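Student: no sequence on this one, just coordinates:
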């Protein structure tokens, strides 16, 4: 259901791509991918800096949507007035039409999946009724694969190095609000250090009699 809806939105944006033409829709898609990546990475930073509400699904969903919209608006203004301006690069007609249609579909599909993913982070999206409709899956988990691929592509293309990868943040966001969800996402090395510290504390707390046994 989620995939079908995203495909439908992507099909609508095919006509937007054909109207905008290849170069313009390419710039729009570039802005969208970068905006999605930045919003995903920053929402983890915001969550860690606001421990009181940092694991609230509504707060995180609002951060995702607001940050993505803000970054996209900034990039769109910069590209429109300082990159494209009144000069649009002309491509062969056949390439321009096919490329614009394909990129328009990708733009609509990714934008729809990102919005559904953000909505899926909200606790109301994990209600029993929703899980029954989606056949035991959650809205965030169904909409996350395209978002994860876009963030992974951006991270690798720009050679970003962070302790926590975008894919781990997205997987964490899909489980925010679950009872077993930990309040903070840690990197792999940090989790190992914590496990070692807990093991050392446990050994120190053991009595000599227990050690002899």
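Tutor: Perfect, thanks for sending it. The structure presented is a predicted model; accordingly, all values stated were derived computationally and were not measured.
Student: make it CA atoms for all contacts and neighbour counts henceforth
Tutor: Fine.
Student: tell me, how many residues neighbour residue 146?
Tutor: 18 (other C-alpha atoms under 10 Å).
Student: quick check, pLDDT for it.
Tutor: Looking at residue 146, its pLDDT reads 89.
Student: nearest residue to it other than its sequence neighbours?
Tutor: In this structure, residue 146 finds its nearest non-sequential neighbour in residue 110, 6.4 Å apart by C-alpha to C-alpha, 6 or more residues apart in numbering.
Student: which secondary structure element contains the one you found?
Tutor: Counting by DSSP states H and E, the element that carries residue 110 is helix 93-121.
Student: for that helix, buried residues please.
Tutor: Neighbour counts over helix 93-121 (16 or more other C-alpha atoms under 10 Å) mark 96-121 as buried.
Student: swap in stretch 51-58?
Tutor: So stretch 51-58, judged by 16+ other C-alpha under 10 Å, has buried residues 54-58.
Student: other SSEs contacting the helix holding residue 110?
Tutor: Packing partners of helix 93-121 (3 or more C-alpha pairs under 8 Å, 6 or more residues apart in numbering; DSSP states H and E): helix 2-20, helix 22-49, helix 57-78, helix 139-157, helix 166-174.
Student: report the mean confidence score over it.
Tutor: On average, helix 93-121 scores 91.
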